[in-house]
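*Asks:* Got a sequence here, can you build the structure:
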Amino acid sequence: MKLITGNANTKLATDIANIAGVELCETLVTRFADNEIWVEIKDNIRGEDVFLIQSTCNPANDNLMELLIMVDACKRASAGRITAVIPYYGYARQDRKPAGRSPISAKLVANMLEAAGVDRMLTMDLHAGQIQGFFDIPVDNLYAQPLFVEDLLSSPMISAGNAIIVSPDAGGVPRARAIAKKLNLDIAIIDKRRDRANESEAMNVIGDVKGKQCIIVDDIIDTGGTLVKAAQALISEGAEEVEAYITHGVLSKGGAQRMEKSALSRLVITDTIPAPENKVLKVISVANIFTEAIRRVHHDESISVLFE
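*Replies:* So this is what the prediction gives:
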């Protein structure tokens, strides 16, 4: 088994390698003067089971291209099998056509990965489950849910006995319900709507949150604008405190700073994307779960048992 990393999230890749007891392959990833990417894998990987660790986070295009070139380098070096370990799958929110002449970029990325030579993909909390069907190769979608549940069980919010799980929209209800079931809690839903074009988004809370400790769960936080509004809506409905557990902390355009000024008391994210320093942020590592998944893929063992 060989582990290779790009530049997107070297800390997570190093943590995975340390837990697995395997050294990362020596890899040279540089740029020419015109910004073209150059990759050279220094170690012999002929016939090896290769795992390429690379989130396609910001800068998404650079990290995606770097991954594709690394896959091609491994293929031309006669790797036995190439698994793309993509903790955060960029372009996942472009999973359908919202307008007549718009792309389905999540499918395009899947095509590019397969064309480059990826034999299998390992990722976490895909924005839309149907993205697995965009691939004609095996895709293992891991879940951050066990990590969040473990952290919540030691949280003062749960021990206080008045916590409630909140889905920030209707689409996230299955995720919220799954965590609520593990913790034996009720759920509430935030219904977002615009009555007229160019009007601000209205946040309607469905469920009783008065005097409750609210825990918002979601898969992605980008700029954080919607989360800030959701937290304020819950406080306006009488919630005592609001926290959020979100898998992928994109936090673009000042998202981290926006959290500091919001009604959130704490934001818990994972390290699928490198996280900035912030006083309201708590980062939970996914290194252990990815290490175990990589080990199971390497030995042809079941992945689903990790979440039963």
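*Asks:* So what sits opposite the residue nearest to the spatial centre of the chain in the bridge?
*Replies:* By Cα atoms, centre = their mean, the mean C-alpha position of the chain lies nearest to His248, the distance being 3.8 Å. For His248, the beta-bridge partners are Ile220 (DSSP bridges).
*Asks:* which residues sit in contact with it?
*Replies:* 57, 88, 124-125, 219-221, 269-270, 272-273 (Cβ atoms under 8 Å, 6 or more residues apart in numbering). No exception for glycine: its C-beta is placed from N, CA and C like everyone else's.
*Asks:* Would you quantify the distance from it to Lys192?
*Replies:* According to Cβ to Cβ, to the nearest Å, His248 and Lys192 sit 19 Å apart.
*Asks:* From Ile45, how far off is the residue nearest to the centre of the chain?
*Replies:* For His248 relative to Ile45 (Cβ to Cβ), the value is 29 Å.
*Asks:* Asp140 now?
*Replies:* Distance from Asp140 to Ile45, counting by Cβ to Cβ: 21 Å.
*Asks:* what do you get for Leu122?
*Replies:* 18 Å.
*Asks:* just checking, next helix/strand downstream of the lengthiest helix in the chain?
*Replies:* Among the segments of the chain that qualify as a helix by DSSP state H, the longest is helix 60-76. Downstream of helix 60-76, the first helix or strand assigned by DSSP states H and E is strand 81-86.
*Asks:* List the buried residues for the next helix or strand after that following strand?
*Replies:* The first helix or strand that comes after strand 81-86 along the chain, using DSSP H and E, is helix 105-116. For helix 105-116, a neighbour-count test (16 or more other Cβ atoms under 10 Å) marks 106-107, 109-110, 113-114, 116 as buried.
*Asks:* which helices and strands sit right next to helix 105-116?
*Replies:* With contacts defined as 3 or more Cβ pairs under 8 Å, 6 or more residues apart in numbering; DSSP states H and E, the packing partners of helix 105-116 are helix 60-76.
*Asks:* And the contacts of His248, which two are furthest apart?
*Replies:* Met124 and Ile221 (14.7 Å; Cβ to Cβ).
*Asks:* looking at the sheet around Lys282, what are its partners?
*Replies:* Val268.
*Asks:* And for it, the neighbour number?
*Replies:* Counted with other Cβ atoms under 10 Å, residues neighbouring Lys282 total 13.
*Asks:* how long is stretch 37-53 end to end?
*Replies:* 17 Å (Cα to Cα, to the nearest Å).
*Asks:* what's the spacing between that stretch and its chain's center?
*Replies:* 24 Å (Cα atoms, centre = their mean, to the nearest Å).
*Asks:* and what of stretch 264-274?
*Replies:* 11 Å.
*Asks:* and what of stretch 225-232?
*Replies:* The answer for stretch 225-232 is 20 Å, by Cα atoms, centre = their mean.
*Asks:* Residue numbering should commence at 24 henceforth.
*Replies:* Happy to do that; since the first residue is 24 now, the last one works out to stretch 248-255.
*Asks:* give me the low-pLDDT residue ranges for the stretch 74-223 of the chain?
*Replies:* 217-223 (pLDDT under 70).
*Asks:* For the longest helix of the chain, buried residues please.
*Replies:* 83, 85-94, 96-97.
*Asks:* Report the contact partners of Tyr268.
*Replies:* By Cβ under 8 Å, 6+ apart, the neighbours of Tyr268 are 171, 174-175, 202, 238-241, 291-292.
*Asks:* Tell me the most packed of the contacts of His271, by neighbour count.
*Replies:* Going by other Cβ under 10 Å, Tyr111 tops the contacts of His271 with 31 neighbours.
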